[in-house]
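> fold the stuff below for me.
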Amino acid sequence: MNVLISAAGRRGALVRLWRADLRSVDPDGRVVAVDASRLSAAARLADAAEVVPYTDDPDFLPALLDVCKRHDVGLIVPTHDGEGPAYVRHREALEAEGIVLSLPGDEAISVALDKVRTYDWLRAHDVPTVATAPLQVALDDRDAWPLPLVVKPARGSSGEGVSVARTEADLRWRAREEHWSLIAQEPAGGVEFTADAWADRSGTCRCVVPRRRIEVRAGEVSKSLTVRWPEAEALVARLVSALPGAFGCVTVQFFATGRAASSIQVIEINTRYGGGYPLSWEAGARYPLWTLQEVLGLPSTAAPDQWRDGLAMLRYDDAVFVDAAEVGL
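Below you'll find the predicted structure:
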C-alpha cells in the first residue's frame, strides 16, 4: 500500500513518521506528498512529490485521482482543516477507486469545521465547553456577553484571525470585518491542552494522549508535554467515539483549571493530525501504524496506555535543500 499525505506544506515530521510506520508493515510502501505549491518542504521528504490544484478548483479531483493512479495510492491522509469539504464532496469518487480516507464521516467534519456547530454538538453530548455564538449575537445582547471575549473566525484554523476583545471598541472593530464570519467565545481559563485521539474503523476511540501546550508559534505548538490524565482521556474518548464515522486521528483542544474532569472546557475539535502529533508518536501512540493495520486487515497493536507519560517535545526550525529546477525556480 502507498500512502498520500495531502496539503503536506511544512509537515515534514508527519511525512517522516508515516514513512517509518509504512515501511514497518510494507518495506516497499511509498509515501507520496501533494501540495498546491512546489515549495512544500515536507513534500521533499516523501518518496514522491506532486503538485495539485487547491481543493476548491474544479481540476482538484481529476488531478488527485491521476496522482493516486500513477502512484498506486490506497490511503489518503488529509492534514488541513480546509480540505474537509472537498473530501466530503469527493469521498464516493475516491472510494470507488479503492482509496480509503483517514478521515471521519461527513457529519463529523461539518461539526468540527464550524465552531458554532461544534458548540451545539458539545452541549448536546454533555461535553463541558465555553459559551459560543455568532459575533452579532454578542453585539445585540451586551449584558449576556460580558467582556473580555475571544473573537475568531467560525471556520478558522491555526489561530488565524483570533483576538481578545477587552473593550467595546475592540468588539465593534472586529465586527466591521467582512472577509470572515466571526464568532464570540467566552474565554476559557487555566492551562491549554491538545489531546491526540485515534479511532478504529468501527468508530471506537482506542487511544487518547493529552499534551500540555507549553509554547505556541503562529497557532502551532512548538513546545509540548505528554500528560497521563485518565479523567481527560475518558472524556475525550467518549467525545470522539460519539463523532459520526470517527476514523483515524482526531485532535481535541481544551483548557483545564485543575486535574478534575469538571475543570475541563473543550473549545475545538479537529478531524486531522495536529501539528504536535509527532510528540504522541514518539511517546508510543503509533496512529499511522494502527491505521495501516486497520486498512490492510492486519492484527491491531492499538492500545490505550502504551505511550510514555512526561515526554517533552522542543521543536526547532530545519531546512530542506533542493535543486531550483525541482521546485520550478
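
> show me the shaky parts of the stretch 101-250 of the chain.
For the stretch 101-250 of the chain, no stretch has pLDDT under 70.

> and the strands in it, which stretches?
132-134, 149-153, 163-165, 182-185, 191-199, 205-217, 220-226, 248-256 (DSSP state E, counting those that start in this stretch).

> Pro78 reaches Asn270, doesn't it?
No. Counting by CB atoms under 8 Å, Pro78 does not reach Asn270; the two are 10.8 Å apart. Bear in mind the C-beta positions are built from the backbone N, C-alpha and C, glycine included.

> tell me which of the two has more neighbours.
Taking neighbours as other CB atoms under 10 Å, Pro78 and Asn270 compare with Pro78 leading, 23 against 20.

> and the nearest residue to that one once chain neighbours are set aside, how many neighbours?
Leaving out its chain neighbours, the residue that sits closest to Pro78 by CB to CB, 6 or more residues apart in numbering is Ser6, at 5.2 Å. A total of 24 residues lie near Ser6 under the criterion other CB under 10 Å.

> how about Asp72?
Asp72 has 11 neighbours, counted by other CB under 10 Å.

> ok, the closest residue to it other than its chain neighbours to Val320 distance?
Distances taken as CB to CB, 6+ apart place Asn2 nearest to Asp72, at 5.2 Å, with adjacent residues excluded. With the distance defined as CB to CB, to the nearest Å, Asn2 ends up 21 Å from Val320.

> so which of these two has more stuff around it?
Set Asn2 next to Val320 and count neighbours by other CB under 10 Å: Asn2 wins out with 18 against 13.

> in the sheet, who's paired with the more buried one?
Note on Asn2: beta-bridge partners by DSSP bridges are Val73.

> about what we covered before: how far away is the residue nearest to Pro78 from Thr194?
For Ser6 relative to Thr194 (CB to CB), the value is 21 Å.

> Gly310 now?
Taking CB to CB, one finds Gly310 at 16 Å from Thr194.

> so which of those two has more stuff around it?
Thr194 (24 against 9).

> so who does that one touch?
210-211, 213, 221, 224, 251-253, 274, 276 (CB atoms under 8 Å, 6 or more residues apart in numbering).

> picking that back up, between the strands of the stretch 101-250 of the chain, which one is closest to Arg30.
strand 248-256 (19.6 Å; CB to CB).

> what's the angle between the closest one and strand 191-199?
In terms of direction (axes from the mean of the first three to the mean of the last three CA atoms, to 10 degrees), strand 248-256 departs from strand 191-199 by 160 degrees.

> ok, strand 248-256: who's next to it in the sheet?
As defined by DSSP bridges, the strand partners of strand 248-256 come to strand 191-199 (antiparallel), strand 264-270 (antiparallel).

> and the pLDDT at the residue nearest to Asp72?
For Asn2, the pLDDT comes out at 98.

> contacting residues for it?
Asn2 sits next to 29-32, 71-75 when contact means CB under 8 Å, 6+ apart.

> tell me the spacing between it and Glu50.
12 Å.

> same check, this time on Leu298
Leu298 is 27 Å from Glu50, by CB to CB.

> name the nearest residue to Leu182, sequence neighbours excluded.
In space, and not counting its chain neighbours, Leu182 is closest to Leu135: 4.1 Å by CB to CB, 6+ apart.

> tell me how many other residues surround the one you found.
Number of residues near Leu135 (other CB under 10 Å) recorded here: 24.

> do the same with Lys69
Residues lying near Lys69 (other CB under 10 Å) number 11.

> return the distance of Val111 relative to Ala325.
Going from Val111 to Ala325 by CB to CB gives 44 Å.

> actually Glu282, not the one I typed
When distance is defined by CB to CB, Glu282 is 35 Å away from Ala325.

> before we move on, what about Glu186?
From Glu186 to Ala325 the distance is 52 Å (CB to CB).

> wait, Val111 touches Trp121, no?
Yes. Val111 lies in contact with Trp121 (CB under 8 Å); the separation is 4.7 Å.

> closest to Pro148 out of the contacts of Thr194?
Distances from Pro148 to the contacts of Thr194, taken by CB to CB, are shortest for Gln253, at 18.9 Å.

> more neighbours: which of Glu186 and Ala325?
Legend: neighbour count by other CB under 10 Å for Glu186 and Ala325, higher for Glu186 (18 against 7).

> how close does that one get to Arg155?
From Glu186 to Arg155 the distance is 19 Å (CB to CB).
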